[in-house]
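# Structure for the following, please:
(chains A and B)
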Amino acid sequence: MAEQGDFLHVVTTDNLSSRRMALGRAIIWGSAGFLAVVALAQTLQETGYADFGFSTWRPTLYAYVLWAICLCWGQVLIRGEQGKRVLFVLPAALFVISMVVFPLLFGLVIAFSDWNLSSPTGRTFNGLDNIRQMWNDDFYWNALANMVRYTLAIIVEYAIAFGLALLLNSQIRARKFFRVAFLMPLMLSPVAVSWMIGKSMMEIRFGPLARLARELGWDSPSFFGSPEMARFTIMVMDAWTYIPFMMIMILAGLQAIPKDIQEAAKVDGARAWRGFWEVTFPLMLPVSITVILIRIIFKLKLADIIINVTAGGPGGATDSVTSFIFREYRDRSNVGYGTLLAMFYLVLIVIAITIVMKLTDRWARPRY
Amino acid sequence: MSQQIFHDSPSDLAHKTKWLSGRVAVYGALILWAIICLFPIYWTITTSFKMAPDVMRGNLIPFWDYQPKWLGWRSLGISPDTIGAESTVREEFLKRFLNSVITALSASALAVFLGSLAAYGLSRFSYRFGFMRNSDISFFFLSQLILPPVVLALPFLVLYKSLALLDTRIGLILLYTLTVLPIVIWIMRDQFAGIPKELEEAALVDGLSIWGAFATIVLPIALPGMVAAFILSLVLTWNEYFFAALLTSTHANTLPVMVASQTGSQGISWWSMAALSFAAILPLIVIGILLERYIIKGMAAGAVK
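Predicted coordinates for the structure are as follows:
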C-alpha cells in the first residue's frame, strides 16, 4: 500500500478495539467453517457415505453466499477504514471469481471426461480421448477456419464504419436523425434480425432482397446455396448489426481530434484526400486499434445469427465455433467433448489476443 | 431583356458545381445507408399487417398496394378484436416478455451496482490483494470480455443443474450480470477518473465517511455515466440468446428464445413471425430513439481516453 499511495488522500484515525477485530475474525472463520461443514456433508451424501436428505447443492450455495457476506463485513470490522475501501472492490471481485474461476476449473475437469447428460452412467474420466477426437474432427477445424474468415471481414466493416463516421462528422443537416437511424441495427436482437433479414427478406421466392437481386439480373438468387455465398451472407448480416458500434466509437475519436490540427493541414495546402491520410488517419490510429480489438472480441462470440439462420449449413460451411459447440451439445448432449472444444478455443483466443495486443502496443502510440 | 454585366468567373462556377456534387454524394451516401439500416424494420412492421397474397406479390407500401389487416397481431392475440378475449399465445408472449424485462433490468442494475463500486474503488485507492495491484485487478475485470460465452456455457449447465438453478430467472440474471460487468467497469472507470478528487477530499474534511462522500457527492455527478452503462447493459442483456437457449426450457424463457423457437415452425406465415419479431425489438427501438445520447456516450467512453 505504502509504495503506491492512494490517489485520494485520507487521514483516518482508527481505534479498533481488539474485541472488534476478534469478532471480525470470528465471523469470517465461523462462516468459512460452516461452509466447509455443509460442503463436506453434501460431498459425503453425494459419494454415498451418509444421507442428510439434501436434494440439491443449494445449501452449499447458501453457505457460500453467507461466507461471502461475512468476508465483506469482517473486512470492515478488522481493518476499519481500510476495510471500507476494500469493500468497494471486494463484492465485484468475489462475484467474478465465483462466476468465472470456479466454473473454469470445473470445466477443466469436464473437458477430460466423457459425460453425456442424458445417459444414466454419469461422468467418466476418459483422459485424452476428447483431444484425439477433436484432432480428427474436420467440422471443428472448419469452424475454426471460419472464425479466421469472419474475423478478416472486420477490415471491410472497419472501412465502412470509418467512412460513415466521417460522413456523420462532416457538415450535414439532420445529423441527429442519421445518427439514430445508423444506430438502429445495433439495438435489434440478433435473433429477430435472423428472421427479419435471413429468413424473410432473403427468402428465395418472396423476399424483397431476392426480388431486388432478380431485378439486378441474378436469375436464381440463393443466399445460402453455396458455402462461399452462405458465409458471405452471414458476414454481411453480422456486419450490418455491428457497423454502428464501430462507427460510434470512431465518431467519438474523430470528435476528440483538435480542430486546429486539421485546419493547419488545410492552411498548409493539403487536399482533403491527403489531409485524411496524413493527418486524420494517423491521429485515429489508437482509437482504431481499440475499436478493432473490441470488435474482434465480439466477433469471436458470433453465434446467434448462425444458429438461427443456417444452423451451420450448408454442410457445416458457415459454422462458428460457438454455434458448432451449441449444436454438438443440442444433438448429442455430450458435455465433455463440447467443453474441451470450448477450452481449446479459449486457449487459442488468449494466445492470439496476447500476440495482437503486444504487436499493436508498438504502433498504437499516438504520434502527435 | 437586359444583358447581365457581372459574371462569376468560370473557375468559381466550377467550384460551385464541384461543391454541389460533393453535397449530393454525401447526402446520397447518408440516405442510402439510412435505408439499409431502416428498411428491415420497415419491412417487419408492414409484413405484420399483410395477408398471404400480399406477401407473395411482394407488396411493400400499405394502403397503396395492399390493405393492412390485423392478421399477424391476431395470431399473437393483441389485435383490436382479440385483445379482450382469452388467448394462450398472448399469455405465452407476455410471460416471455416479462421474463425478458425482469432478467434484463435486474442484471443491468446488479452489474451497474457492482461495477460502479469496483470502478470507483479502483480509481481512488490502491489495493493489494496478494500479488495483484490496481492495474492487475482492472485487467482481471476487463479480461472477462475476452472469455467467449461458450466456454462457460457447458460448465454452467452442469453446475446449475446440481444447484437447481436451471430454467430460473436468477440463474440467468447472475450470468448476464457477469457478461456485462466488464463493460460497466470500463465505462465507469472512465467516468470516475473525470471527477476531480478534490470534491471528495472537501467532503471528507467536512466529516463525511468515504461511503458517505461516495453516495452524496460522487454518485450524483457520475449519474449520466451510470445511466449510459445501464442502457448499454440493457441492450446487451435484452438481446442475449445463447445462454438463454441453453439454460432455460419452459419457465424462464426470454423473448429471443421464443422468437427463435417460432422461426422454423411457421413456414410461410410471415405475418405472425413479423408481429412477434417486431414486438421483440420494439422496446429497444423506443430506447434507441429516446436515449440515443446515453448509448453513444457509453460507447464513446471506451474509445477516447
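
# Contacts made by the host helix or strand of A:Leu87 with the rest, please.
Assigned by DSSP states H and E, A:Leu87 belongs to helix A:81-96. Residues outside helix A:81-96 that contact it (Cβ atoms under 8 Å, 6 or more residues apart in numbering or on different chains): A:10, A:12, A:14, A:68, A:71-72, A:74-77, A:79, B:114-115, B:117-118, B:120-122, B:124-125, B:127, B:129, B:137, B:140-141, B:144, B:177-178, B:181, B:185, B:209-211, B:214. Placement of C-beta: from N, CA and C, glycine included.

# per-residue confidence at residue 1?
Because you didn't say which chain, this covers chain A. pLDDT for A:Met1: 36.

# hmm, I had chain B in mind actually
Reported pLDDT at B:Met1 in the predicted model: 52.

# what about B:Trp64, neighbour count?
Using other Cβ atoms under 10 Å in any protein chain shown, the number of residues around B:Trp64 comes to 8.

# State the next helix or strand along the chain beyond the helix holding A:Leu87.
Sequence-wise, the next helix or strand downstream of helix A:81-96 (DSSP H and E) is helix A:102-111.

# Identify all contacting residues around that next one.
When contacts are defined by Cβ under 8 Å, 6+ apart, helix A:102-111 is touched by residues A:123, A:130, A:335-336, A:339-340, A:342-343, B:151-152, B:154-156, B:158-159.

# how about stretch A:270-281: buried residues?
For stretch A:270-281, the neighbour count (16 or more other Cβ atoms under 10 Å in any protein chain shown) marks A:270, A:275-276, A:279-280 as buried.

# That stretch near chain B anywhere?
No: on the criterion Cβ under 8 Å from any Cβ of the partner chain, stretch A:270-281 is out of touch with chain B, staying 9.4 Å away.

# quick one: contacts for A:Phe206?
With contact set as Cβ under 8 Å, 6+ apart, A:Phe206 has these partners: B:55-56, B:58, B:268, B:270.

# Out of those, which two sit at the greatest distance?
B:Gly58 and B:Ile268 (13.1 Å; Cβ to Cβ).

# domains of the chain?
Just going to use chain A. For chain A, the structural domains run A:18-111, A:137-363, going by automatic domain parsing.

# To clarify, I was referring to chain B.
B:10-76, B:88-303.

# Now do the shortest one: distance to the chain's middle.
Meaning domain B:10-76. Its chain's C-alpha centre and that of domain B:10-76 lie 24 Å apart, by Cα atoms, centre = their mean, to the nearest Å.

# next one: stretch A:273-285
Averaged C-alpha coordinates place stretch A:273-285 at 31 Å from its chain's average position (Cα atoms, centre = their mean).

# so where is the chain shaky, pLDDT-wise?
No chain in the question, so chain A it is. For chain A, the stretches with pLDDT under 70 are A:1-14, A:120, A:122, A:363-368.

# Can you look at chain B instead?
The model of chain B has pLDDT under 70 over residues B:1-3, B:264-268, B:302-305.

# What are the boundaries of the helices in it?
Taking DSSP state H, the helices of chain B run over residues B:10-47, B:52-57, B:71-76, B:88-124, B:134-142, B:149-163, B:169-193, B:198-205, B:210-213, B:219-239, B:242-247, B:255-265, B:270-290, B:292-303.

# For chain B, which residue gets nearest to chain A?
Relative to chain A, the nearest point of chain B is B:Gly121 (2.8 Å; Cβ to the nearest Cβ).

# correct me, but that residue touches B:Gly115?
No: with contacts counted by Cβ atoms under 8 Å, B:Gly121 stays clear of B:Gly115, the gap being 10.8 Å.

# which residue packs closest to residue 41, ignoring adjacent ones?
Assuming you mean chain A. What sits nearest to A:Ala41 in space, not counting adjacent residues and going by Cβ to Cβ, 6 or more residues apart in numbering or on different chains, is A:Phe52, at 5.2 Å.

# nope, chain B
Once flanking residues are discounted, B:Ile41 sits nearest to A:Met184: 6.6 Å by Cβ to Cβ, 6+ apart.

# From B:Asp12, how far out is the spatially most central residue of chain B?
Nearest to the centroid of the C-alpha atoms of chain B, with distances taken as Cα atoms, centre = their mean, sits B:Val235, at 1.8 Å. For B:Val235, the distance to B:Asp12 equals 49 Å [Cβ to Cβ, to the nearest Å].

# Please apply the same query to A:Ile97.
According to Cβ to Cβ, A:Ile97 and B:Asp12 sit 69 Å apart.
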